[in-house]
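# Need a 3D model of the following:
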Amino acid sequence: MKINYNEFIQAAYAQSENTESTTSTPPEDTSGKASPKDTFTVMGKGLLAIFIVMGILYVAIKLLNKFTSGKKKKAGEDKQ
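Sure, this is the predicted structure:
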């Protein structure tokens, strides 16, 4: 037995309308179907955000290494 989602929502709305005295409109179609253009736009923004965060982390690590490394001594340099 297959139930159509929109029919189910409308039936539930009709039943609640009989029990409540509110004058609201039925909910719009929320089937979750998005166009491929919308999907790829959201995916592209997510990927761009990931690469931006990776770049920020890369720069932060390089800067930390530069400022916290100090001078390195060679093996025989401290015995003068």
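# Pull out the buried positions in the lowest-mean-pLDDT helix or strand in the chain.
When the helices and strands of the chain are compared on mean pLDDT, DSSP states H and E, helix 5-19 comes out lowest with a mean of 74. Residues of helix 5-19 classed as buried by neighbour count (16 or more other C-beta atoms under 10 Å): residue 9. To be clear about C-beta, it is placed using only N, CA and C from the backbone, and glycine gets the same treatment.
# Check which residues of the helix or strand following that helix are buried.
Later in the chain than helix 5-19, the nearest helix or strand by DSSP states H and E is helix 36-68. For helix 36-68, the neighbour count (16+ other C-beta under 10 Å) marks no residue as buried.
# now helix 36-68: mean pLDDT?
For helix 36-68, mean pLDDT rounds to 95.
# elements contacting it?
Here helix 36-68 touches no other helix or strand, going by 3 or more C-beta pairs under 8 Å, 6 or more residues apart in numbering; DSSP states H and E.
# could we number from 431 for the rest of this?
I'll keep to 431 as the first residue from here, and by that count the last item is helix 466-498.
# Could you check the pLDDT of residue 456?
Reported pLDDT at residue 456 in the predicted model: 61.
# Could you do the one 5 residues further on as well?
Reading off the confidence values, residue 461 has pLDDT 70.
# isn't it right next to residue 436, touching?
Yes: in this structure, residue 461 is within contact of residue 436 by C-beta atoms under 8 Å, at 7.5 Å.
# From residue 474, how far out is residue 480?
Residue 480 is 11 Å from residue 474, where distance means C-beta to C-beta, to the nearest Å.
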